[in-house]
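J.: just to be clear, the model below is a prediction. Sequence and coordinates:
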Amino acid sequence: MFYSKSFIFTSKEIPAEAKIASHQLMLRSSLIKKISSGVYAYLPLGLRVLNKVREIIREEMNKTGAKELSLSVLQPLFIWKKSKRDALLGKVIISFTNRHKKQMVLGPTHEEIITDLVAQRINSYKNLPLILYQIQTKFRDEIRPRYGVIRTCEFTMKDAYSFDKDDAGLAQNYEKMKIAYQNIFSRCGLSHCEMKEADSGIMGGRLSHEFVIYLSSGEEIELGHIFKLGTKYSEVFGANYSDEQGRQRPIVMGCYGIGVDRIIAGCIEKNHDEKGIIWPFSLTPYDVLIIPLDYREKRIVSYVDSLLQELRNQKMEVLVDDRSESAGIKLNDADLIGIPLRIVIGKKNFAQGKVEISLRRGGRIVCNKAKVVEKVLGILKGS
RNA sequence: CGGGAUGUAGCGCAGCUUGGUUAGCGCGCCUGGUUUGGGACCAGGAAGUCGCCAGUUCAAAUCUGGCCAUCCCGACCA
């Protein structure tokens, strides 16, 4: 992919509205664009990162045996009246009346919908345990959206729900999720994430743990939360199963949420310097950035083409800065958008058959241009 | 919702106190030229319903009122 066609617009200026580093950097590097208070669009560069996070979550969820599905965003309001959570969530729920005078909700979470679904489909102990999850947009009319993508009215959430015969089964799934969560956060460059016991709030249930990181401001701004719900929802929606003796028992539930956008913001909070973002290899929008400092020379252009092809053959995602900007602008933009590996092609080095490989986190080597791909692969393996 | 602040070109801002030329500056953008290893230079150019509506006035970015939007502090959350 070529920079000039990538819809990347960097900015030197710090947006006045952004107070914390991740928000500033996400705007300056054009990962996101604010549409309205608490509402953000992901631009091409940001969407690449979002998709990386989604894929990591998907892999770790699948490892636990969880099955992915996609529930509806539109929900009938009556299902919320049934669990009496319509009053509890109050104005956070975004609702409207459709043309048939039916009251509808833009889903803020999905315990009601999934419990109702499972109540209709699961009847026997033979079908348990079961874990279902989805990665989906949620809507909450927050009182005060803030910190960019950290608290918004429209956000991407991974929500998983476990269904067990008894407390022992729930305890097992709960532990499985703890491990999956720790894997997800550490793979996303957030190994500093702490787990601690928390208040269950509007979810109800018996026990919950939240996964938090601390911002430079000292603020705490929660990445995930897992809950032992027990039978609260299964009793309301009649989610029962027949046990080995044929007796009807309520399914024991747990639910497990991750703020996908918060992972991105959290990752930037923990991985940046005064120049910009320092992406971990796991979340970077592109694996390698090729920076020809002078892209007019034909020999350099054709070398870049062949290098691009070779890297693609190695399944790498590559961005080429094909702009006719000065070296300073290209290098500073490279630091801002934070791609971990850069191949810098300068005239003098190139004349001697050499190019430079530089790491965003620090360190550079000058190597023979024929050996670049080999070196890059070596660095990736070691990381 | 309560308290505080802001709204002027894509971004960052000055101008408003004390109303009065064609509304400015920096960055960015376009054209031509010179540059090219850490945010270059010269010349030319485009881009504004001064948040919106009303009022006062010969005259409003500037004064008055209402509305809207955004941000910060509090309760809430992934």
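T.: Received, thanks. Keep in mind that what you see is a predicted model, and the values were worked out from it rather than measured.
J.: smallest gap between the stretch 251-383 of chain A and RNA strand B, at which residue?
T.: residue A:346 (1.8 Å; C-beta to the nearest atom of the strand). Every C-beta, even on glycine, is put in place using the N, C-alpha and C of the backbone.
J.: next one: phi and psi at residue A:246?
T.: phi 80, psi 10 (degrees, to the nearest 10).
J.: how near is it to RNA strand B?
T.: According to C-beta to the nearest atom of the strand, to the nearest Å, residue A:246 and RNA strand B sit 36 Å apart.
J.: from what I can see residue A:93 touches residue A:141, true?
T.: Yes: because the distance of 7.2 Å satisfies C-beta atoms under 8 Å, residue A:93 is recorded as touching residue A:141.
J.: compare the two (neighbour count), which wins?
T.: Using other C-beta atoms under 10 Å, the more surrounded residue of residue A:93 and residue A:141 is residue A:93, with 21 against 17.
J.: what sits against the more buried one?
T.: A:80, A:86, A:105, A:106, A:108, A:140, A:141 (C-beta atoms under 8 Å, 6 or more residues apart in numbering).
J.: and the fifth one, how many residues sit next to it?
T.: It stands for residue A:108. 20.
J.: how near is it to residue A:210?
T.: According to C-beta to C-beta, to the nearest Å, residue A:108 stands 18 Å off from residue A:210.
J.: just the helices in chain A please.
T.: Counting by DSSP state H, chain A has helices at residues A:21-28, A:44-63, A:78-83, A:85-89, A:111-121, A:167-187, A:232-237, A:260-270, A:298-313, A:327-337, A:347-351, A:372-382.
J.: pick the most buried one from those.
T.: helix A:260-270 (a mean of 26; mean count of other C-beta atoms under 10 Å).
J.: report the angle between that helix and helix A:167-187.
T.: 50 degrees (axes from the mean of the first three to the mean of the last three C-alpha atoms, to 10 degrees).
J.: so what touches helix A:260-270?
T.: A:20-23, A:25-26, A:31, A:46, A:49-50, A:53-54, A:57, A:135, A:147-150, A:152, A:155-158, A:184-185, A:188-190, A:192-193, A:213, A:215-216, A:221-223, A:277, A:279-280, A:283.
J.: what about RNA strand B: which of these touch it?
T.: Of the residues in these, proximity to RNA strand B by C-beta under 7 Å from any atom of the strand holds for A:147, A:150, A:152, A:155, A:157, A:221, A:222, A:223.
J.: do I have it right that the third one meets residue A:41?
T.: Read that as residue A:152. No: Residue A:152 is beyond contact range of residue A:41, at 11.3 Å (criterion: C-beta under 8 Å).
J.: so between these two, which is more surrounded?
T.: residue A:152 (24 against 11).
J.: list the contacts of that one.
T.: A:38, A:39, A:40, A:142, A:145, A:261.
J.: RNA strand B versus the residue of chain A most remote from its centre, what's the distance?
T.: No residue in chain A sits farther from the centre than residue A:245, which is 43.9 Å out by C-alpha atoms, centre = their mean. Distance, residue A:245 to RNA strand B, by C-beta to the nearest atom of the strand: 36 Å.
J.: equivalent analysis for residue A:201, please.
T.: 3 Å.
J.: tell me the pLDDT at that residue?
T.: In this model, residue A:201 is scored at 80, pLDDT.
J.: just to revisit the earlier point, please name whichever of the ones next to RNA strand B among the contacts of helix A:260-270 scores lowest on pLDDT.
T.: Within these, pLDDT is lowest for residue A:221, at 78.
J.: what ranges of the stretch 101-250 of chain A fall below the confidence cut-off?
T.: The stretch 101-250 of chain A contains residues with pLDDT under 70 at A:216-218.
J.: RNA strand B contacts on that one?
T.: So far as C-beta under 7 Å from any atom of the strand goes, the stretch 101-250 of chain A lies against RNA strand B at A:109, A:140, A:142-147, A:150-153, A:155, A:157, A:199, A:201-203, A:210, A:220-225.
J.: please list only the buried members of the residues you listed.
T.: Among these, the ones that count as buried by 16 or more other C-beta atoms under 10 Å are A:109, A:140, A:142, A:145-147, A:150-153, A:155, A:157, A:203, A:210, A:221-225.
J.: contacts only, for the residue lying closest to residue A:254 once chain neighbours are set aside.
T.: Excluding the flanking residues, the one nearest residue A:254 by C-beta to C-beta, 6 or more residues apart in numbering is residue A:162, at 4.2 Å. Counting by C-beta under 8 Å, 6+ apart, residue A:162 makes contact with A:129, A:130, A:131, A:170, A:173, A:174, A:177, A:253, A:254, A:255, A:256.
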